[in-house]
Every structure is written in structure tokens, then in C-alpha cells.
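>>> what's the 3D shape of this:
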Amino acid sequence: MRKQPFTLLELIVVMTVMFLAAGMGIALFKGQSPVRKLENAALEWEEFCARVRYQALESGEEREIVFDPENRLFKMKIPTQEENPEEGEPPKSKLEWKIPEDFELGKNFPPPEEEPDDDGTLPMFKFYSDGGASGHRKLELRIGELKRNFEVSALTGRIIEVKDEEGVTGLP
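A predicted model of the protein is given here:
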């Protein structure tokens, strides 16, 4: 009995499956592009700020975002919270966002002339219980030549992306 050779259709199907598997493997091992990393970091930053803002709305108390330059960490600070809460009182949640490793903040952040608070942090934004905010800073998030600029809207308390001097947002 003689074996039948593969048909052309079978060869095409096998080659197609191999090309699809190779393409997916390359995409998985290549990692994220800088544009995708910037987009993800921007979304994480906006989510962190939104969570702090919503906590201020829910609790009816002010919440502040501070920056810890030593640890490259943004933290939520509760101005009315004592350092050592009484026993039996549930601890208030800690919200933090760490700047990803490949990223830098803007060239002039933190300002060299500004002194940190007693705990080593710099105040960024303050969210009020009515949904508004105050903030005198703009945050520039950079990875390589790509950048995104953010500031807080005083009226709504939302973090908005702003265009830089050239009128671009930093993405191609």
C-alpha cells in the first residue's frame, strides 16, 4: 500500500497556522511599545486621581495628593487624619501610584526651590468634598521623547490632559 502525499490544501492550512503562531509569539515577547506604555501610565494616573476624588466626595472630607520624590510615589493624604488612630477605628484606605520605571516627570518637577513637608512629600492637588479641586501644578509624564501633560480642573476636580506649547499632546 502506497502512502498518499499531502494535498496542497493541507500544506496551506499548516503553514497558515505556523505563521499565526509565530506572529503571536513575536508580539508577546517583544513587549509594549513606548506609546502603549505612556497610554497605560496615563490611564493609571487618571484612575488614581479619580479614586482619590471619589473618596473625598464619599467621605465629605478633603483629600490631598502628595508626591514622595525619594520613592517616586504619589500618595493620598487625609489632612484631618491623625498619625496614630484610636484603637477600634478602622484604618482609612491608602491609595498610592508609583511612577513606572522607564518614566520621568517634567524637567522642572519637583521645583528645586520648593521645600518638602515634614514627611518629605510635596503637595500636588487637593480635592474637596463638593467635587472641586485646587492645584497649582501641572504634571508632565515622559518616556523618551513622548510626553503627556496633566492638570486638575478647579471647577470639576477632574484630571484633564492639556496640550503643550506646540499644541500637541505628545503622542504621534
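>>> C-alpha from now on. contacts and neighbour counts both.
Will do.
>>> State the next helix or strand along the chain beyond the lengthiest helix in the chain.
When every helix of the chain is counted residue by residue (DSSP state H), the longest turns out to be helix 34-59. Moving toward the C-terminus from helix 34-59, the next helix or strand (DSSP states H and E) is strand 63-68.
>>> Check which helices and strands that following strand is in contact with.
helix 34-59, strand 73-77, strand 122-127 (3 or more CA pairs under 8 Å, 6 or more residues apart in numbering; DSSP states H and E).
>>> and these, which one is worst for confidence?
Lowest mean pLDDT of these: strand 122-127, a mean of 86.
>>> Can you list the helices and strands that that one packs against?
Right, strand 122-127 is packed against helix 34-59, strand 63-68, strand 133-135 by 3+ CA pairs under 8 Å, 6+ apart.
>>> Columns mean neighbour count and distance to Asn149 on top of those, output as JSON lines?
Listed next are the helices and strands packed on strand 122-127 as JSON lines, based on neighbours: other CA atoms under 10 Å; distance: least, CA to CA, whole Å:
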{"stretch": "helix 34-59", "mean neighbour count": "17", "distance to Asn149": "9"}
{"stretch": "strand 63-68", "mean neighbour count": "22", "distance to Asn149": "16"}
{"stretch": "strand 133-135", "mean neighbour count": "18", "distance to Asn149": "14"}
